[in-house]
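**Q** Predicted coordinates and the sequence they were generated for:
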Amino acid sequence: MADVANRYPQNVAGLFYVDDQCIDCDLCRETAPANFTREDDGGHTYVLKQPETPELGLIIRSTTQKKMPRIAKQIFAKTDKK
Ligand code: SF4
């Protein structure tokens, strides 16, 4: 499960974040390129822009249908409880 204690410092402030368990699979960057980007030196993703509500719904639906890796589902699950 994603852990805020291991959150990458490059993430913008907000509810979404990527932690050190990112496996650099590229799925979130393909799904929401305006919100996620790659930190090339570290080889991982970070949140570039926090998603807004309609966009977030689209991301969750899209990633669920693609059966995204468990770690990413846990990242998105944190905002699904609103
Ligand atoms: S979907 Fe998860 S594991 Fe894949 S690049 Fe994005 S944050 Fe990393």
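**A** Received it, and whenever you're ready, just let me know what you need.

**Q** mind listing the strands for this structure?
**A** 36-39, 44-47 (DSSP state E).

**Q** mean confidence for the first one?
**A** The one in question is strand 36-39. Averaged across strand 36-39, the pLDDT comes to 94.

**Q** Check which residues of that strand are buried.
**A** Residues of strand 36-39 classed as buried: 36, 39 (neighbour count, 16 or more other C-beta atoms under 10 Å). For the C-beta atoms, the positions are set from N, CA and C on the backbone; glycine is no exception.

**Q** which helices and strands sit right next to that strand?
**A** helix 27-31, strand 44-47 (3 or more C-beta pairs under 8 Å, 6 or more residues apart in numbering; DSSP states H and E).

**Q** try the last one
**A** Using 3+ C-beta pairs under 8 Å, 6+ apart as the contact criterion, the elements in contact with strand 44-47 are strand 36-39.

**Q** For the strand it packs on, give me every contacting residue.
**A** 8, 10, 18, 24, 26, 28-29, 44-48 (C-beta atoms under 8 Å, 6 or more residues apart in numbering).
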